[in-house]
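1. predicted model and sequence follow; I will ask about them next.
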Amino acid sequence: EDAFGAAIVSKWDSAQHTTERPTDAYGEFIRLSDSSDPANAYALVTNHWKIPHPNLVVSVVGGEGEGPVKAWLKDVLRKGLVKAAQSTGAWIMTSGLQVGVGRYVGEAVRDHTMASTSRSTHVVAMGIAPWGIVEQHHCLVNPKVGELEKENANRDDELRLGSLTELQVEV
């Protein structure tokens, strides 16, 4: 059997089918692996980005199909969810996708943010999406980091071969 046929019948396994390495993507997002410690992400968001600690976390999931969302649900999201998050200091978490309920949560938060002038009335919303489906995620990658990673890999290869001259100069 060829490798392609084997790939089709094999079961996907994250340990076998993914690799973990230092990130080369930076911006107003966090790129995590499934083994990342959530406490580190929380510390980054609250300490570094200075987003206030939540009093409540509301996770809005489901309704990711292509069908239209009912008008009453859009109204609940626009008025109810955003107002509830604002008044309680909640974080709203979604799939981060531009479809279904997640799309309308994003639109409701965006509209609220654009209409409010006070920082105290802002609402925190976060989308959690798989890296591979983030549109144009390649634009978020810093190519220089990849070059540095290659340089470090070459340096590691030299170390394995016993060449310490380059490291001795840098130390």
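-> Noted; the coordinates are in hand.
2. contacting residues around the nearest residue to Thr121 once chain neighbours are set aside?
-> Excluding the flanking residues, the one nearest Thr121 by CB to CB, 6 or more residues apart in numbering is Gln86, at 5.9 Å. Where C-beta positions appear, they are placed from N, C-alpha and C, glycine not excepted. Shown in contact with Gln86 (CB atoms under 8 Å, 6 or more residues apart in numbering): His112, Thr121, His122, Val123.
3. surely Gln86 forms part of a helix?
-> Yes. According to DSSP: H, G, I helix; E, B strand; the rest coil, Gln86 belongs to a helix.
4. and the pLDDT at it?
-> According to the predicted model, the pLDDT of Gln86 comes to 89.
5. swap in Leu81?
-> Value for Leu81, per-residue pLDDT: 91.
6. could we number from 9 for the rest of this?
-> Renumbered: residue one is now 9, and that last one reads Leu89.
7. quick check: it is in a helix.
-> Yes. Under three-state DSSP, Leu89 sits within a helix.
8. what about it, how many residues nearby?
-> 23 (other CB atoms under 10 Å).
9. Asp83 versus that one, what's the distance?
-> 10 Å (CB to CB, to the nearest Å).
10. so where's the protein shaky on pLDDT?
-> 9-18, 20, 25-35, 71-75, 128, 151-179 (pLDDT under 70).
11. which stretches in it count as helices?
-> 11-17, 22-25, 46-51, 79-83, 90-96, 108-123, 151-168, 173-178 (DSSP state H).
12. that older thread, closest one of the contacts of Gln94 to Ile59?
-> Nearest to Ile59 among these is His130, at 9.6 Å by CB to CB.
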